[in-house]
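Peer 1: Predicted model and sequence below, questions to follow.
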Amino acid sequence: MGRRMILNGTSYFGQGAIQEIVTEVNNHHFKKVLVATDPDLIKFGVATKVMELLDQAGIDYEVYDVPHGRACAMLLTSVLKFNAPATGEKYRELARVFGVAGVDEMDQETYRQAAIDAIQQLADDVEIPRSLRDVDAKEEDIPFLAESAFNDACTPGNPRDCTLEEIADIYKSMFR
């Protein structure tokens, strides 16, 4: 048996890990799998091995080859906007760290927006796409993407409770 990689709370890694994917998908009764990878893993055939196993098992999947950090960066300001009501004064400190002048004189709504704007400017400076269309995401995948995010092991740690519909709305906003 291989080591573990993350699959909604279960992780396998190392030699033989890929062989566990079909078993995990079936054990969890997943209807569809999100294969989140990056172009190099496709180029070197690692993601192809995963997709071949899923094909052989007749498991439906969708491939997104946007590196995890880039995908997180794309969603960051939308998620920051959603979470703002549950963050107290944390965004004041974010604005301060990003060099926003006069944060101590700003009201809460203003410094929260200033922090979000500063982070968006950094994303723009390093050419992080603003739209999911820019990475060939499909609007018809929103329900699947939202369900994957909702069921992610990290979701309970979000500063603001969220519903599946609210997560879908965040994704929808990324197509405008």
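Peer 2: Happy to help now that I have it. Residues are numbered from 1 along each chain as shown.
Peer 1: buried sites along the longest helix seen in the chain?
Peer 2: Ranked by residue count, the top helix of the chain under DSSP state H comes out as helix 108-125. By 16 or more other C-beta atoms under 10 Å, the buried positions in helix 108-125 come out as 110-116, 118-120, 123. From N, CA and C alone the C-beta is placed, and that goes for glycine too.
Peer 1: same thing with stretch 28-44?
Peer 2: For stretch 28-44, by 16+ other C-beta under 10 Å, it's 30, 33-38, 41.
Peer 1: cool, and stretch 47-63?
Peer 2: By neighbour count on 16+ other C-beta under 10 Å, the buried set for stretch 47-63 is 47, 50-51, 53-54, 59, 61-62.
Peer 1: What about these, which are in helices?
Peer 2: Under the assignment DSSP H, those contribute 47, 50-51, 53-54 to helices.
Peer 1: just the residues you listed now: which is nearest residue 100?
Peer 2: Nearest to residue 100 among these: residue 47, at 40.1 Å, using C-beta to C-beta.
Peer 1: Let me see the contact set for the closest one.
Peer 2: 35, 37, 41, 63, 65 (C-beta atoms under 8 Å, 6 or more residues apart in numbering).
Peer 1: again, only this time at 10 Å
Peer 2: For residue 47, the contacting residues are 18, 35-41, 63, 65, by C-beta atoms under 10 Å, 6 or more residues apart in numbering.
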